[in-house]
Each structure stands twice: as C-alpha cells, then as structure tokens.
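Asks: Fold the following and give me the result.
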Amino acid sequence: MMSLEARLAAAKDLGAESTEFYKALGYKYPVEFRGQVCGLMRFIFTWSIVVGIDAVGYSHRYCYDTEASALRAFIEWVLSGSDEPAGYIVRKGLGPDHRPEPRSPK
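Replies: Down below sits the predicted model:
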C-alpha cells in the first residue's frame, strides 16, 4: 500500500529544490496540481489546503478542523480530480468566504 506522501507525490513532483523551498515557507506536502502549487498549511485555528502558492502567498484555501482531515481531503481531491476538495469548513480567498453546508455544534 502506498504511503500518503507517495500518493500525493503522484500528482506532480516539484523536484527536491522546489519542494524544500515551499516547505521552508511553512507548506506541507507541496505538489503541482492543475498547474498550481498546492499544499497544506497550519493556521491559528485550522489546517488548510492552500492553492496557488508562490513566493509571496497563495490564491485561496479550504479550511479543516484537523491536519488529518485536511490531508485526507487533499489526497482524495488530487486522486479524484474533482473541482474542489470535499468536507471543508470554509473556503477563503475566492470572493466572499464560502461555507458549503451548515455545521452541527460540537
């Protein structure tokens, strides 16, 4: 069975130098997907799938409660090729914040 990192690397490896560059900026599992660099990043209250990463920032992100849920959604998104990842809390950066469905209280 492939490891999670191996499955993500199948998207498109950025090469060691670029991967280390993005990791030094704080992104985990950076890969090229649909012509954009994507990866995971920790924010104050959430973990996010970050899309359109470059040297000065990113285009938008999909927020999740935990690193595990973000990583699982990231892998499923890359492998499925769907329009956007599933199960996010909120999408930020593409117009107004978007919440896909009401969340139940914890």
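Asks: shaky segments in the protein?
Replies: Along the chain, segments meeting pLDDT under 70 span 1-13, 101-106.
Asks: show me what contacts C38?
Replies: C38 is in contact with A11, P30, V31, E32, I49, V50, V51, G52, I53, F74, V78, counting by CB atoms under 8 Å, 6 or more residues apart in numbering. For the C-beta atoms, the positions are set from N, CA and C on the backbone; glycine is no exception.
Asks: residue closest to the middle of the chain?
Replies: When CA atoms, centre = their mean is applied to the chain, the residue found nearest the centroid is I49 (2.1 Å).
Asks: Is that residue in contact with R42, as I believe?
Replies: No - with contact defined as CB atoms under 8 Å, I49 does not count as touching R42 (11.9 Å).
Asks: Please enumerate the helices of the protein.
Replies: Ranges of helices in the chain, per DSSP state H, are 4-9, 16-24, 67-80.
Asks: residues touching the closest residue in space to V37 that isn't next to it in sequence, list them.
Replies: Distance criterion CB to CB, 6 or more residues apart in numbering; nearest residue to V37, sequence neighbours excluded, is I53 at 4.2 Å. I53 makes contact with Y22, L25, Y27, P30, Q36, V37, C38, G39 under the criterion CB under 8 Å, 6+ apart.
Asks: quick one: which of the residues you listed has the most company?
Replies: C38 (27 neighbours; other CB atoms under 10 Å).
Asks: distance of that one from Y64?
Replies: Distance from C38 to Y64, counting by CB to CB, to the nearest Å: 14 Å.
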